[in-house]
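1. this is a predicted model, with the sequence first.
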Amino acid sequence: MKEITKLKEELTAMVQAANDLDSLEQVRVSALGKKGAITAQMKTLGTMDPEERKTKGQALNALKDEIAALIARQEAALKRQDMDARLIRETVDVTLAPRPDYIGHIHPISQTMEELVTIFASMGFEVAEGPDIEDDWFNFTALNFPDGHPAREMQDTFFLPEDPDEEGEHARKLLRTHTSPVQIRYMKEHKPPVKMICMGRTYRSDYDMTHTPMFHQMECLYVDKNVHMGHLKGCLTDFVRAFFEIEDLPVRFRPSFFPFVEPGAEVDIGCTRAGGELRIARAPSETEQNWLEILGAGMVHPNVLRNCGIDPDEYQGFAFGMGVERAAMLKYGIPDLRTFYECDARWLKHYGFDPLKRPNPATRS
Amino acid sequence: MKFTLGWLKEHLDTNASIDTIAKTLTNVGLELEGIEDPSKVYAPFHTAYVVSAEKHPDADRLKVCIVDTGTEKVQVVCGAPNAKTGMKAVFAPEGSYVPGTDMVLKKGVIRGVESCGMLVSEREMGLSDDHEGIIELPVDTPVGVPFAEIMGLNDPVFDISVTPNRADCAGIYGIARDLAAAGLGKLKELDIEPVKGRFESPIGVDVKTETNPLFLGRYIRGVKNGPSPDWLQRRLKAVGLRPISALVDITNYVSLGHARPLHVYDADLVKGNIYSRLSKEGEHFEALNDKEYTLQDGHTVICDGSGVLGLGGVVGGTSTGVTGTTVNVFVESAYFTPTAIARTGRALQIDSDARYRFERGIDPEFTYTGMELATKLILDLCGGEPSEVVEAGALPKWRRVIEYSPDYCLKLGGVMVGPKEQHEILRALGFLVTGYEEEVWAIEPPPWRGDVEDKADIVEEILRIHGFDNLPAVPVRNEHSTTQVAETKSGARARLARTALATRGLEECITWAFMQTSVAQLFGANDNKRNEALTLLNPINAELDLMRPTPLPNLIAAAGRNADRGYPNAGLFEIGPGFISPRNDGQLLIAAGVRAGNIGERHWDGPQASRPVDVFDAKGDCLAALEACGAPVASLQIGRDADGWYHPGRSATLKLGRNVLAQFGEIHPAVLEEMDVDGPVAAFEIYLDNIPDARAKGTHKPSLELHPLQPVSRDFAFIVDRNVEAETLIRAARACDKRLIADAQVFDIYTGKGIEEGRKSVALTVILQPKDKSLTETELESISAKITDAVAAKTGGVLRG
C-alpha cells in the first residue's frame, strides 16, 4: 500500500502545481487517462489474489475519487481566476459618452392639435377638413358677414386672382381667414345631428409682435334639435379644464358679437398675475381672480343654418373657435408667437415634444 | 369708447359703486378695458404757496423756492420762468409718480442745492403739452387741497370696447340704458322740446344720393363762438378729446353723449344751398384733419355752390369751418348709410368719431332729436336766434316686427327666464312688445337697435341682461357617441408620419404656406400652368407672394438659416400643404423633410459616428414614414424620374404603377447654390394623399409560421458592370427558388485594386430557410449554382475568383 500513498502524494502535488487549465488537463490524463498512473495500477489488480485485490482495489478506487475531486476543485479555482483576469482585461472607462441616439421633436402646434382631437374625440366629436384656399361665399357670405364688412377687404384678407371657371362669390378666391368655412362645407354635406371639430391653417394680412400672416385655428360645431347655450357652456367648460389640465379652472361667459352666431359670447378662463407672472388658475379668492380671453363662441346664426340648407326652426346648435398658437402659448409658456415659424433647431428641441410622449387618449375629460 | 362716471350719471340715476358698474358693463357685453380714476392718479399732488423764489446761487435759470404745502415748508429747485414769490402752484412731493413723465420723483441735489419735490407743469401732469412754465393757480386758491379737486378731475373714466353691432352704445345714453336694464338704476328720460324757429333758413338743403337718405339743417344767427365752458371742456378732455370752440365742442358732446354726429358750417362762408351727392373722380377738398383729399367716384360729399365742402358723415372741410369769428352758423344733422360710410372711410383711411358711429348704423329717428339737442346747447352756450329746420329726403324705414315666443329663450338659451322678466328686460331696452298675454309676442325693436333682426337676437338681449353667469353648464360628452374613429384619414396619416419622422431624429417645423416666386420656380412652380392663379394679389411682402408648390424649399432655407446660426446639421420636416391649383383638389398634403450637413456628431467610438448625409438617409426617412402610414413598402417600385430639384444621379421616386407616392434624394447642387445653402442636403417629399387605402383585412394579423429548422446562409461575390443595380442582382437571386430563399441582401460593394475599370464587386448574402428537412451538401451546392447562373444570365456577373 506504500506505493499508493506515494502515488497519492505525487498526484496531489501535480494537481496543485497545475496553474492553468491546460496543464491541469495534462495532469488529469496522466492520472486518470487510459494510460494514466491510477489506470495502470488498476490494471495490475487482475494478477492479485482475491484478498489483496479487494484491499488494493478499494484503496485505488478511493484514490481515483479523491484525485478526481481534487482536479475538479482545482479546475473551478482556475476558471474563477481566468474570469477575474478577463474582467480586469475588459474594464473600460464608463465615464465616456454612450453612442448618440437622435430623436426629433413634435412641433407644439401639432402636439396641441392632437391634444384637441383627443379631448373632443372623447366627447364624441368627429374631425372635418376644408381647403386653405377658399372663396368669398364660403368664407364670408355663408357665415353671415354683411357686404362691406371690414374683414372682406384687402387690408385683412389675402386674395388670389378670380377663377374664370367659377361665378360670382365663388370666383373670388382667397385664403381662409378662419376655419369657419369648414362648418359650412360640413353642414352642406351632413344633415344634423352634426358634432364636429376642425382645425388648420388660417391667414390674415397682419404681421407684427402678436400677429403672423399665417396661424392656426380650431373650431367646434354641434347642431341638433335641442342643443342650447347650456350645452355650449358645458362643452366649453369640460374642454378648457381638460386642455389646461386644471379640474377647477373657472370659466366666464360674456356677451359679445360675431356675425355667424347669435347669441354670441366671448369666453374667459381664470388666471392670476401675482408677482407679474401670468398663470392659468383658479385664484385663492374672487378678488384676486383675473380673466383671460381665450375663445369666441355662440349659437349658430339662423342665417348660417339656412345657407347650409338646414331649417333653423327645426335645428339649432353651437359653434366656437380658438387660436391654436395662443392656446399652446398659454398652456406651455411659450412667450413669442413669431418663433413658432422660425424653424430654429434650438427652439424646436426646447419647445417641441418627444414623439413617444403624445397626448394620452386615456385622459379623462 | 371712453366716458366718465359724471357724464354717465347725467343719464343714469344710480348709486352703484364704480366696481359694480365696471362688472355690469362686462356682463351685459360692453367689455371693460380699463378704469382710470384721476383722483387716484393725482392723489399725491396738492395746491401749495410759494413763500419765496430766489435765484439759484450757481445757475442763472434756476430758482430756489420755499414752498408751503399746507403741512410743512420745503425747499424746491425750479427751472420754470414763471416761478415767483407769492404764487399758488401745484406741488409734487418726493416719491410721487409723475404721470406726464412716467417717473417717480426722487429727492435730489441740483447744482449744490437740495430739492425736495417739484412744482409741476401741465405736461408733467399729463394734462396737455404745455411746458412753458409751472401751473399757476388763482391767488385765492386754498393751500394743501388735492389738485384733482381744484381741477374737477375727480371723475373716473371708463374705457369699454363696443362690438360693431352696438352703435347705440357709441353714445353714453345707450350705455346708461343697458345699465338701467341690468338693474343699476333708472334711465333719465330725454326731455327735448323742439325749438321753435323764428325765421326761414336762408340756406336750403337737398339730397341727391341714396347714401344720404335724410338731411336736416338749421340756420342760427348771431352766435358768439368762444371757448366752451369748463364743465364741457373737462368732459371732453377726460375722454381724450381736445376742446376747440363752443360750437365744435357741442357737436362732439352730442356725438359722444348720444351717438349722433353733427356738423356745423360757418353760414357766411357757404355759397348758396347745401346738398349731398356722390363725388366725381378728381374732386378735392381740404379736410378739418389738416389733410387734403383727392376723391374717386362714388363717395358721399356735401356741396354748396362752390363745390365740395366735406365728406358726409366722415369729415368736414376747412372752407366752411367755424372759427372764433363765426356769427352765423348752419347746423347739419343727417343720416348716412353704414356701408357707404365704411367704404369711404376705408378707401381714404380716415378714422373719425363720425365714421365710427355712422358705419355701425345709428338711430335714424335721432336725426331729429339730435338737431333739437344741438340747437338748445348752441342757444344756451353761444346765444343766437334759430331758424326753422330745413329738411330733405326721408327717414329710412327701420320698423320691423319679430314674432317671438317666450319659450324660445329656454329652448335656445337653456335657461329659464320667466315671461314677466323677459318682458321687463325688453321694455327697459326700448323694445315694444305687443300681445304679451298671447303665446307669441310681436316685438318691435327700437330704432337704435338696427342689429336686432331675428328671434335669436331677442334671446341674446334677454340673456345678456339676465346674465350669462346664470347659464347652466350641460355636458355633451355622451350625446351621439360613436364607435367610429374621430380623426380623418389624412389626419391619421399625418400623425403616423409625424411620429415616424420625429422618432428618426427629425425636428418638426411649421412654415408659411406662401413663399417667394423666384425660389418656388426652382421647385417646379415654373412648370405649373396655374402659377398665376396661385399668386397672391396682396402679399404681406414680396417674399411671400406665391402659394408654395411644396414645403421643401422652406425647409432647405431653414436648414441654411440654422447653419448660419452655427448649427449646420439640421434635420427638419414639415407635414403641410403644397398647392398645384386654387381648386379644392389642388391642395396636396405633403410630408417633406431635409437632412443637412452631417449625420451624427464626432464621437470617441470612431469616424463612422459622424458622416455627411446622403441619399440613403432620405430613402430611410421616406420608407419609414411610408411604412408608418400603411403604404405597401415591399411592393413599391423605384423610378429614376425624381423632379429636377434633386441630384439626377442620387434620387428616385417610389411608385405603385403610375402613382407616385414619394420622391427622395440629394438636392441638386445648383439649386443649393441658387438658395445659398451649403450641401449636401438630403431630402424627401411624400404625397400622403397618394398612399392607397389598406385593404380592409379585419383586425387579425396573418398567422405566424415558425420553422423548426435553422436557416442557412450562403455568401457570393459577383463581378458585374458598374451600372448593374443591386436590386437586379437581388431579384435574380430571389427568383431562383422563392420557396427556399427567405431573403437576399447586398452586404458589400467594392471597386478598386483587383477589379477591372468599369466593373465592381457586389457581395450578396442569401438566406435559405429549409421547410421540411435539413439541406444536404448536394442540395446546397445545387441552389448555389442556380443562383450563380441566374445572376450571370440577368447581369453578366461572374463569381469573383
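-> Everything's here; your move.

2. helices of chain A, start to end?
-> Along chain A, counting by DSSP state H, helices occupy A:2-17, A:21-32, A:37-44, A:50-89, A:108-122, A:136-139, A:181-189, A:229-244, A:302-307, A:324-332, A:345-351.

3. neighbours around residue B:396, how many?
-> Neighbourhood size, residue B:396 [other Cβ atoms under 10 Å in any protein chain shown]: 15. (Each C-beta comes from the backbone N, C-alpha and C, glycine too.)

4. what's the helix or strand encompassing residue B:780 in contact with?
-> According to DSSP states H and E, residue B:780 maps onto helix B:777-795. The contact list for helix B:777-795 (Cβ atoms under 8 Å, 6 or more residues apart in numbering or on different chains) reads B:712, B:714, B:716, B:718, B:720-721, B:724, B:728-729, B:731-733, B:735-737, B:740-741, B:764, B:766, B:768, B:775, B:797-799.

5. what of stretch B:424-440?
-> Residues contacting stretch B:424-440 (Cβ under 8 Å, 6+ apart): B:177-178, B:180-181, B:187, B:403-405, B:417, B:419, B:423, B:441-446, B:448-449, B:452, B:458, B:461-462, B:465-466.

6. domain-wise, how is chain A divided?
-> Listed by automatic domain parsing, the domain ranges of chain A are A:2-89, A:108-351.

7. residue contacts, residue 309?
-> All of this refers to chain A. Residue A:309 neighbours (Cβ under 8 Å, 6+ apart): A:187, A:188.

8. not quite, I wanted chain B
-> Residue B:309 neighbours (Cβ under 8 Å, 6+ apart): B:265, B:270, B:274, B:285, B:301, B:302, B:303, B:316, B:317, B:319, B:320.

9. what sits closest to residue 180 if chain neighbours are left out?
-> Looking at chain A here, since you left the chain open. residue A:143 (5.4 Å; Cβ to Cβ, 6 or more residues apart in numbering or on different chains).

10. I was thinking of chain B, sorry if that wasn't clear
-> Residue B:180 sits nearest to residue B:187 (Cβ to Cβ, 6+ apart), 4.0 Å away.

11. over to residue B:344?
-> residue B:299 (4.5 Å).

12. from what I can see the one you found touches residue B:281, true?
-> No: judged on Cβ atoms under 8 Å, residue B:299 makes no contact with residue B:281 at a distance of 10.0 Å.

13. of the domains of chain A, which stretch is the most buried?
-> domain A:108-351 (a mean of 19; mean count of other Cβ atoms under 10 Å in any protein chain shown).

14. first-to-last residue distance for that one?
-> Terminal residues of domain A:108-351 lie 7 Å apart, using Cα to Cα, to the nearest Å.

15. average pLDDT across it?
-> With pLDDT averaged residue by residue, domain A:108-351 scores 93.

16. any idea how far it is from the middle of the chain?
-> Distance of domain A:108-351 from the chain centroid (Cα atoms, centre = their mean, to the nearest Å) equals 25 Å.

17. model confidence over stretch B:410-425, on average?
-> 95.

18. measure it end to end?
-> For stretch B:410-425, the end-to-end distance is 15 Å (Cα to Cα).

19. mind listing what's buried in it?
-> Residues B:412, B:413, B:414, B:415, B:417, B:422, B:423, B:424, B:425 are the ones in stretch B:410-425 that count as buried (16 or more other Cβ atoms under 10 Å in any protein chain shown).

20. now for residue B:564, how many residues are close by?
-> Residue B:564 - counted by other Cβ under 10 Å - has 12 other residues nearby.

21. likewise for residue B:228?
-> 24.

22. tell me the secondary structure at it.
-> Three-state assignment for residue B:228 (DSSP: H, G, I helix; E, B strand; the rest coil): coil.
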